[in-house]
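Undergrad: sequence plus predicted model, see below.
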Amino acid sequence: MGLFERYLSVWVALSIVAGVILGSHVPDAFATIASLEYAHVNIVVAVLIWLMVYPMMIQIDFSSIKDVGKKPKGLALTLVVNWLIKPFTMAALGWLFFKGFFADWVDPQSANEYIAGMILLGVAPCTAMVFVWSQMTKGDANYTLVQVSINDIIMIFAFAPLTALLLGVSDIEVPWNTLLLSVVLYVLLPLIAGVLTRSSLDKRHQNSSDSGAKAIDSFVAKLKPLSIVGLLATVVLLFGFQAENILQQPQTIGLIAIPLIIQTYGIFAIAYFFAKRLKLPHNVAAPACMIGTSNFFELAVAVAISLFGLHSGAALATVVGVLVEVPVMLSLVYFANKTRHWFD
């Protein structure tokens with residue numbers, strides 16, 4: 001394990017601090033970068049995430065994907081957590097905290113909007129960063145791709161009615177451009193690039209003493225520093241974009257973060273417990289739990305803005321979800337790696 005990987009939590013913490021400091025001192029630069037977006041997908045962040053996703057896509061072997069169906073328990077766990085548990089626990093926690101514990105500190109309208117933002121996060125399972133978390137836990141790349149793909153298909157049909165049910169709002173309009181662009185950027189394009197790279201490496205080493213598998217592993221290892229730099233740069237940008245909100249509304253950010261953090265750790269604990277009971281191998285269990293825990297924040301932010309407005313509490317809650325997710329998910333990656341022996 002290299003220096004960067006060994007002290008990754010330290011680098012992430014420094015990146016958070018750097019993002020807030022830079023965002024507060026050179027806000028125009030971050031505003032310019034933030035404006036480089038299409039369909040609520042920031043192009044710079046998308047490129048950085050692409051760099052993180054690409055190495056895992058190289059490891060995908062299409063000849064092995066057909067075997068995923070022989071191990072359906074991991075797929076079932078992901079789907080149950082994502083669609084039958086997570087949206088409802090998120091809504092319940094939102095109501096518990098903002099209608100109960102925090103009722104004296106937040107006005108009713110803002111409370112409703114914060115709850116709405118949390119619900120939008122809960123109904124949108126992750127599409128992009130889960131590949132990063134899976135790679136960091138040495139997850140089965142083929143299985144992870146199938147898990148994400150099935151969730152994306154279900155999301156096309158289930159997102160709007162489930163959101164309408166939990167928000168009590170009719171005529172939810174799904175931002176298809178955001179959904180489709182994200183899938184293309186974070187799944188399709190890196191997958192194509194990974195397949196082409198894998199094919200090239202296989203052909204280059206088919207007549208040499210080194211096997212194609214070794215060449216692929218070696219190439220992916222060389223990309224690791226680039227992936228980590230992409231992760232840290234993403235953290236700097238995300239916290240830089242929201243530096244003003246963080247410094248001007250620290251109490252509000254903290255109030256929203258508390259139930260989101262509880263939700264994230266709680267969902268992971270539920271999924272990890274059942275993964276252990278189902279006797280899933282760790283390289284399937286860890287990604288399955290990561291998918292159920294992380295969120296598709298671009299979609300959540302886009303819907304929050306369209307329903308409630310750019311400066312609404314709902315939009316702020318979805319953004320806080322982004323800020324909370326990266327450090328919390330890294331802690332879960334660390335925990336999953338430390339408990340690998342539970343699944344042996």
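TA: It's in. Residues are numbered from 1 along each chain as shown.

Undergrad: when you work out contacts or count neighbours from here on, use the C-alpha atoms and nothing else.
TA: Noted.

Undergrad: avg pLDDT for the helix or strand Val132 falls within?
TA: Using DSSP states H and E, the element containing Val132 is helix 129-136. Here helix 129-136 scores 86 as its mean pLDDT.

Undergrad: same for the helix or strand just after it, what does it pack against?
TA: Heading C-terminal from helix 129-136, the first helix or strand you meet, by DSSP H and E, is helix 141-167. If contacts are counted by 3 or more Cα pairs under 8 Å, 6 or more residues apart in numbering; DSSP states H and E, helix 141-167 sits against helix 62-65, helix 72-80, helix 108-122, helix 129-136, helix 282-293.

Undergrad: and the longest helix seen in the chain, which residues are buried?
TA: The residue-count maximum for a helix in the chain (DSSP state H) belongs to helix 212-241. Buried residues in helix 212-241, counting neighbours by 16 or more other Cα atoms under 10 Å, are found at 212, 215-216, 219-220, 224, 227-241.

Undergrad: if we can go back for a sec, tabulate the helices and strands packed on helix 141-167 in CSV, adding columns for distance to Ile246 and mean neighbour count.
TA: Converted to CSV, these look like this (distance: least, Cα to Cα, whole Å; neighbours: other Cα atoms under 10 Å):
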stretch, distance to Ile246, mean neighbour count
helix 62-65, 43, 11
helix 72-80, 33, 19
helix 108-122, 16, 25
helix 129-136, 23, 24
helix 282-293, 24, 28
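
Undergrad: so which of those helices comes closest to Thr178?
TA: With Cα to Cα as the measure, helix 108-122 is the member of the helices and strands packed on helix 141-167 nearest Thr178 (14.3 Å).

Undergrad: can you list the neighbours in contact with that closest one?
TA: 86-88, 90-91, 94-95, 98-99, 103, 163, 166-167, 256, 260, 295-297, 300, 303-304, 308, 312-318, 321 (Cα atoms under 8 Å, 6 or more residues apart in numbering).

Undergrad: and if you look at stretch 77-86?
TA: 122-123, 125, 147, 151, 267, 271, 274-275, 288-289, 291-292.

Undergrad: which stretches of the chain have low pLDDT?
TA: For the chain, the stretches flagged by pLDDT under 70 are 1-7, 62-65, 67, 69, 169-174, 205-213, 310.

Undergrad: how close does the closest residue to Phe296 other than its chain neighbours sit to Ser182?
TA: Take Phe296 and drop its neighbours on the chain: the residue closest to it by Cα to Cα, 6 or more residues apart in numbering is Cys126, 4.1 Å away. In this view, Cys126 and Ser182 are 10 Å apart by Cα to Cα, to the nearest Å.
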